[in-house]
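[1] mind folding the following:
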Amino acid sequence: MMMNEKKTWFDQVYSQPIYQFADRFFAERYPASRFVNDFHTVKLPLLPPCRVNLLRVCFRTVCVASTTAVALAFTYFNKVLALHGASSYWPLTSFFPVEMYFIQRHVPRWSPRWVVLQSFSVLCLLVSAFALVGSIQGLISQKLG
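    Numbers count the residues shown, from 1 in each chain. Coordinates of the predicted model:
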């Protein structure tokens, strides 16, 4: 996998909660809107039929276009994204999932499973802290240079 493919996958994973929030927000705010709530079947030659929601297509296109426009306008925008990614890595990929697992599975404190998962979470916290320091350094050097 090339570097751009990894970055694209990473961006898509972290943007899904934003898209879900927008879908839920507009569906609750406009429950009778066909633009928001209806799915349309699109049939392209040589492909199976695909169900498409117009709000999703429009909102996601606007998000991608605006992110691209901001990235083009600010030369250091990638450094800002790295800062955001470093600060959100630990809570989203380690802390919250591990804590939810403990609650759902009723894992007792200081059991071997609890110690291993907490150690993993602390290791991810350290990686995130180092990435945060590196992204701050990159942002400062980009701004000054």
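[2] in this structure, which ranges drop under the pLDDT threshold?
    Where the chain drops to pLDDT under 70, the residues are 1-13, 145.
[3] quick one: buried residues of the longest helix belonging to it?
    When the chain is parsed with DSSP state H, its longest helix is helix 112-144. Neighbour-count burial for helix 112-144 flags 117, 118, 121, 124, 128, 131, 132, 135, 138, 139 (criterion: 16 or more other CB atoms under 10 Å). The way it works is simple: take the backbone N, C-alpha and C, and place the C-beta from them, glycine included.
[4] the strands in this structure, which residues?
    Assigned by DSSP state E, the chain shows strands spanning 39-42, 50-53.
[5] and the contacts of the last one?
    Counting contacts by CB atoms under 8 Å, 6 or more residues apart in numbering, the residues outside strand 50-53 that touch it are 36, 37, 38, 39, 40, 41, 42, 43, 44.
[6] that one pairs with which strands, and in what direction?
    strand 39-42 (antiparallel) (DSSP bridges).
[7] re the thing from before, which of the contacts of strand 50-53 are buried? Put it as a ChimeraX command.
    Listed next is the ChimeraX selection for buried residues among the contacts of strand 50-53, using 16+ other CB under 10 Å:
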select :36
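[8] just the closest of the contacts of strand 50-53 to residue 79, please.
    Taking CB to CB as the measure, residue 36 is the one of those closest to residue 79, at 35.8 Å.
[9] show me the contacts for the closest one.
    With contact set as CB under 8 Å, 6+ apart, residue 36 has these partners: 26, 27, 30, 53, 55.
[10] before we move on, what about residue 78?
    Applying CB under 8 Å, 6+ apart, the residues near residue 78 are residue 71.
[11] returning to that earlier point: kindly reformat the buried residues of helix 112-144 as TSV containing distance to residue 17.
    Listed next are these as TSV, based on distance: CB to CB, whole Å:
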residue	distance to residue 17
117	23
118	25
121	20
124	19
128	18
131	20
132	20
135	21
138	25
139	24
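[12] list just the nearest of these to residue 93.
    residue 124 (6.5 Å).
[13] how many residues are close by the closest residue to that closest one other than its chain neighbours?
    Using CB to CB, 6 or more residues apart in numbering and skipping the chain neighbours, the partner closest in space to residue 124 is residue 94 (3.7 Å). Residues lying near residue 94 (other CB atoms under 10 Å) number 19.
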